[in-house]
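Visitor: Build me a model:
(one chain, ligands or ions: 1)
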Amino acid sequence: MIHSALLLLAAAIPPALLAQEAGRELSPWQPGTLEIHQISTGRGNAGLYILPDGTTMLVDAGENARKTERHTPDRPDASRPAGEWIARYIRHSLRHEAQPALDYVLLTHFHGDHMGDPSDASPVSRSWAYKLAGLTYVGESLKFGKLLDRGWPDYSYPADLEDSATKNYRAFVKWQIENNGLKVERFAPGRKDQVVLLHSPKQYPDFEFRNVGANGEVWTGVGTATRRHFPALETVPRADWPSENMCSVSFRLSYGEFDYFNGGDIPGIPSPVYPLWQDVETPVAKAVGPVDAAILDHHGYIDTMNEFLIATLRPRVWTLSVWDSGHPTSAVWHRLNSTRLYPGPREVFATDLHPGVRAVINGIEKLASDRGHIVLRVSPGGGEFRVFIVDDSTESHRVLKVFGPYQSR
Ligand SMILES: [Zn+2]
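Guide: A predicted model of the protein is given here:
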């Protein structure tokens with residue numbers, strides 16, 4: 001009797017989750033499951049999303065050109081550029097597909113740690129039209145369906161983007177449109193139809209990808225209406241114009257009861273004697289509301305994670321995409337852990353905490369994990385989710401720790 005009862009119990013648990021003890025390779029994605037992989041490279045931000053019907057999305061593929069003692073080492077190691085490590089990680093994670101591809105690629109903003117910053121050492125594409133670093137490297141290896149960014153088609157807000165990394169990215173975009181049929185759109189705040197399930201949307205009617213903000217235009221939380229948060233440029237001294245980070249894309253992803261927030265590198269704490277509208281987090285958080293999991297804005301840097309955003313999002317799980325001694329700051333860490341901002345437990349996971357941060361921040365040992373790829377796996381229907389920490393020192397994809405299940409609210 002007991003034996004058959006146990007068998008029945010085992011059959012009720014999705015096999016993908018059952019197989020997932022620490023020490024084994026992360027099991028493949030299963031239909032109905034939502035996965036968010038925060039990939040650790042030591043060179044920037046990269047997130048792979050596998051949506052419930054298998055639609056795939058990459059959010060950023062950073063590759064900083066420089067490494068100093070303020071940065072953690074390359075992960076797994078320096079034998080390949082970050083863009084190549086990311087492409088290999090994606091291929092492995094999409095091994096359930098005969099031909100792995102990225103249905104959507106979303107670039108939050110035009111900085112090297114999010115799109116790749118080519119150096120003299122970066123290889124040149126087969127076409128010779130652009131260099132391979134970060135996102136352009138991934139694009140050489142995997143087909144992109146639709147690319148969304150904040151600048152298409154003129155890349156002119158708040159001023160023409162003329163830096164070498166953006167020029168390289170634009171050369172990639174142009175070549176891919178002309179030769180590979182790439183579709184490109186400007187990320188439009190307020191909409192919920194720019195990223196949709198492509199395979200079986202009717203099977204998952206409670207999935208939603210909501211564009212929240214970009215370029216100072218922020219969703220109001222009602223319908224698709226937006227509001228301009230930045231003043232008109234002609235009324236602002238040039239020294240106070242919105243920065244690249246302020247223009248970052250932000251979005252909310254929902255699956256049943258589960259909600260997730262990503263705000264790119266938006267700031268929420270203006271520099272001293274700068275205008276208050278440079279706080280982008282507050283209007284964005286107002287639109288987003290409470291979530292179950294979120295990534296820290298701007299890697300938990302000095303100008304982010306204001307009290308209003310933390311108290312409003314109030315997630316159970318925070319993830320940190322980090323590799324720099326300024327990620328996170330002591331003040332950000334203390335706000336994150338404040339039970340006055342919101343009550344109840346919370347876990348914080350970091351991709352690669354710099355040893356200097358560990359030495360300086362009081363209480364940082366409370367981090368649930370300080371290194372590894374972070375995989376959020378949301379169960380079919382969205383009711384609960386787990387966090388897997390996956391070894392980033394090799395390509396074993398071995399699960400080091402398992403957290404949860406957490407109930408979605
Ligand atoms: Zn960044």
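
Visitor: What about Ala98, how many residues nearby?
Guide: Residues within reach of Ala98, counting by other C-beta atoms under 10 Å, total 6. Just so you know, the C-beta spots here come from the backbone N, C-alpha and C atoms, and that holds for glycine as well.

Visitor: How about the one 4 residues further on?
Guide: When neighbours are counted by other C-beta under 10 Å, Leu102 registers 25.

Visitor: quick one, what contacts the residue nearest to Leu132 when sequence neighbours are not counted?
Guide: Leaving aside its sequence neighbours, Leu132 sits nearest to Pro123 (C-beta to C-beta, 6 or more residues apart in numbering; 4.8 Å). Contact partners of Pro123, counting by C-beta atoms under 8 Å, 6 or more residues apart in numbering, are 81, 131-132.

Visitor: What parts of the protein come near the ion?
Guide: Counting by C-beta under 5 Å from the ion, the positions of the chain adjacent to the ion are 113, 265.

Visitor: biggest helix in the chain, by residue count?
Guide: helix 164-180 (DSSP state H).

Visitor: quick one on the thing from earlier: per-residue confidence for the residue nearest to Leu132?
Guide: pLDDT for Pro123: 97.

Visitor: and the gap between it and the ion?
Guide: For Pro123, the distance to the ion (C-beta to the ion, to the nearest Å) stands at 23 Å.

Visitor: What strand or helix carries the residue positioned nearest the centre of the chain?
Guide: Closest to where the C-alpha atoms of the chain average out (C-alpha atoms, centre = their mean) is Gly47, at 4.5 Å. Taking DSSP states H and E as the criterion, Gly47 maps to strand 46-50.

Visitor: Indicate each strand paired with that strand and its parallel or antiparallel sense.
Guide: Strand 46-50 pairs in its sheet with strand 34-38 (antiparallel), strand 56-61 (antiparallel), by DSSP bridges.

Visitor: Turn these into CSV, columns for mean pLDDT and mean neighbour count.
Guide: Below are these laid out as CSV (pLDDT from 0 to 100; neighbours: other C-beta atoms under 10 Å):
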stretch, mean pLDDT, mean neighbour count
strand 34-38, 98, 24
strand 56-61, 98, 26
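
Visitor: Let's have these in CSV, adding distance to Gly213.
Guide: Output for these, formatted as CSV (distance: least, C-beta to C-beta, whole Å):
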stretch, distance to Gly213
strand 34-38, 19
strand 56-61, 15
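
Visitor: residues near Trp175, how many?
Guide: Neighbour count of Trp175, defined by other C-beta under 10 Å: 18.

Visitor: Return the residues in contact with it.
Guide: So Trp175 contacts 125, 127, 129-130 (C-beta under 8 Å, 6+ apart).
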